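**Student:** Fold the stuff below for me.
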Amino acid sequence: MQVAQSSPAMPVAADSVISIIVPALNEAGTIEATLRQLQDSRNRGHEVIVVDGGSSDATVQLARPLTDRVLHAPAGRASQLQAGADMAHGDLFWFLHADTRIPNLALDAIVNASSSGSHQWGYFEVQFPERTGLLGLVAWMMNRRSRLTRIATGDQGVFVTRELFSRIAGYRPIPLMEDITLSRCLKRHSKPACIDMKLTTSSRRWRRHGILRTILLMWSLRLAYCLGVSPTTLAKYYKPHTS
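**Tutor:** Numbering: from 1, shown residues only. I've put the predicted structure just below:
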């Protein structure tokens, strides 16, 4: 079996512009807080794009004054994120979920990692608001898994240079596992930077559907995907759980 060779890293400039791309669908309860924490970054010249997947609540109205643009795309993270990247102007793309809180200096860390010449993409470690108990263990396991496999999930705020994202032709048009597929493509070209600053991701999905049940579902879906089950088939099991 031939192993793909990593491409030489293409460092970005220290004053590079980051396009922060946020997919949203009925996120009126979270989108405003997420975008407000990005306003200082906008004032520094970075770009914030929200891609709405057809919200029936006030997501778009709340997002519009806090972004550089609001786009519309068919619902689904892959299609929404790709639509945002297609219209973005930055040297770097940062894909951020609508219910995520970011640490101070997160954007500086992205630029520093990408301008070092060693990395063309990367991601953050994560934590939940509840930092102890079972959810604390879940976050620890997520962080360990990503360091061992160099595979990141969407909760971890994947960032990538425009040049590498274009080279791999962006997100695949699939209904699930788009983040794992993207990571697999990216790591063939460049070792990822794992930033140990922690994004705080919402625990609502885990609490709504049960922590142990959600763990089992996620592990089962990833195992099935590794064994060759198509994302279209897997989405039929995932969507009823998250509805």
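
**Student:** Could you list the residues in contact with stretch 59-78?
**Tutor:** The contact list for stretch 59-78, computed with C-beta atoms under 8 Å, 6 or more residues apart in numbering, reads 23-28, 31-32, 35-36, 38-39, 42, 47-54, 79-80, 82-84, 87, 154, 171-175, 178-179. (Glycine included, C-beta is placed from N, CA and C.)

**Student:** And those residues, which of them are buried?
**Tutor:** Among the contacts of stretch 59-78, those buried by neighbour count (16 or more other C-beta atoms under 10 Å) are 23-28, 31-32, 35, 38, 47-53, 79-80, 82-84, 87, 154, 171, 174-175, 178-179.

**Student:** Restricted to helices, list the contacts of stretch 59-78.
**Tutor:** 31-32, 35-36, 39, 42, 79-80, 82-84, 87, 178-179 (DSSP state H).

**Student:** is it possible to export the residues you listed to TSV including distance to residue 164 and pLDDT?
**Tutor:** What follows is these, written out as TSV (distance: C-beta to C-beta, whole Å; pLDDT from 0 to 100):
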residue	distance to residue 164	pLDDT
31	28	97
32	32	97
35	26	98
36	30	98
39	28	97
42	24	97
79	20	97
80	20	98
82	15	98
83	19	98
84	16	98
87	18	98
178	16	96
179	16	95
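
**Student:** and which of those residues is nearest to residue 158?
**Tutor:** Checking those against residue 158 with C-beta to C-beta, the nearest one is residue 179 at 6.7 Å.

**Student:** That closest one touches residue 158, doesn't it?
**Tutor:** Yes: if you go by C-beta atoms under 8 Å, residue 179 and residue 158 touch, sitting 6.7 Å apart.

**Student:** Overlap of the contact sets of these two?
**Tutor:** Common contacts of residue 179 and residue 158, defined by C-beta under 8 Å, 6+ apart, comprise residue 152.

**Student:** Can you report phi and psi for residue 150?
**Tutor:** phi 60, psi 30 (degrees, to the nearest 10).

**Student:** Skipping adjacent residues, who's closest to residue 62 in space?
**Tutor:** In space, and not counting its chain neighbours, residue 62 is closest to residue 32: 4.8 Å by C-beta to C-beta, 6 or more residues apart in numbering.

**Student:** so how far is residue 12 from that neighbour?
**Tutor:** For residue 32, the distance to residue 12 (C-beta to C-beta, to the nearest Å) stands at 30 Å.

**Student:** mind listing what residue 192 touches?
**Tutor:** So residue 192 contacts 119, 121-123, 150, 152, 183, 186 (C-beta under 8 Å, 6+ apart).

**Student:** Tell me the confidence at it?
**Tutor:** Residue 192 is assigned 97 on the pLDDT scale.

**Student:** so is the residue lying closest to it once chain neighbours are set aside in a helix, a strand, or just coil?
**Tutor:** In space, residue 192 comes closest to residue 122 once its chain neighbours are excluded; the distance is 4.7 Å by C-beta to C-beta, 6+ apart. Secondary structure, DSSP: H, G, I helix; E, B strand; the rest coil: residue 122 is strand.

**Student:** Surely residue 122 and residue 161 touch.
**Tutor:** No: at 10.1 Å, residue 122 does not count as touching residue 161 under the criterion of C-beta under 8 Å.

**Student:** for this structure, longest strand please?
**Tutor:** The residue-count maximum for a strand in the chain (DSSP state E) belongs to strand 193-201.

**Student:** ok, now how distant is the residue nearest to residue 178 when sequence neighbours are not counted from residue 176?
**Tutor:** Spatially, and ignoring its direct neighbours in sequence, residue 178 is nearest to residue 78 (3.8 Å; C-beta to C-beta, 6+ apart). As judged by C-beta to C-beta, residue 78 and residue 176 stand 9 Å apart.
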